[in-house]
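A.B. asks: Everything below, folded, please.
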Amino acid sequence: MKKLIIALAAVLVNIAAYGQGSVVFNTVVGPSGNRSVDAPVKRLDGTIPGPGVTAQLFLFNNGAYTPLTPATTFRTDVPAAGFYVVAPATAVTVPGFDSGTTAPLLMRAWDSSFASYDAAVGANPLNGQSPVAQIPLGGGQVPPTNLIGLQGFTLVPEPSTIALGVIGGLALLLRRRK
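C.D. replies: Coordinates of the predicted model:
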């Protein structure tokens, strides 16, 4: 009887894991001009982020952000510069979402000198995130899907940095008038 219960538990765990949805965390898929995923991240001046910027994929569910991947830097080699690309493609499991459904996913990026996006937002002028996209999931017998629907975004200064710049500019204008 004990063996039967253990075998049944093992089968149930296998079935539960088998049904989880999955995606591949690549922000560019396909040749230029014919890409199924084209979500570059750029700085405000249009340049690519480089190794000093960290990217991470998140699940946005019930108002909470759950990281799905470890934080890692962007590629700098051409033509993948400004994109996050893993080769060979690695599946990322999306907990709580079955294969064949969609999941609300987004990517966040921030200055690598901070441990997390939240820490960077509070203290650093360089951060950004994509809009939430409903991404179809693969998994089980269906291969993991790409992030079709993910959009690129621009890393922007934190508002207090912009405010300091505006105050400095106004001070220069006022000084010039005197």
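A.B. asks: contacts and neighbour counts: CA atoms only from here.
C.D. replies: Noted.
A.B. asks: need the contact list for the residue nearest the centre of the chain.
C.D. replies: Central residue check for the chain by CA atoms, centre = their mean: the C-alpha nearest the mean position is that of Met107, 2.1 Å away. Residues counted as contacts of Met107 (CA atoms under 8 Å, 6 or more residues apart in numbering) are 55-58, 129-130.
A.B. asks: could you measure Thr154 against Leu44, distance?
C.D. replies: Computed as CA to CA, to the nearest Å, the Thr154 to Leu44 distance reads 6 Å.
A.B. asks: Equivalent analysis for Gly33, please.
C.D. replies: With distances defined as CA to CA, the gap from Gly33 to Leu44 amounts to 23 Å.
A.B. asks: Looking at those two, which is more packed in?
C.D. replies: It is Leu44, of Gly33 and Leu44, that has more neighbours when counted by other CA atoms under 10 Å, with 14 against 7.
A.B. asks: Got the phi and psi for the nearest residue to Gly30 once chain neighbours are set aside?
C.D. replies: Counting by CA to CA, 6 or more residues apart in numbering, Ser36 is the residue found nearest to Gly30 once chain neighbours are left out, at 6.1 Å. Dihedral angles phi and psi of Ser36 (degrees, to the nearest 10) take the values phi -80, psi -30.
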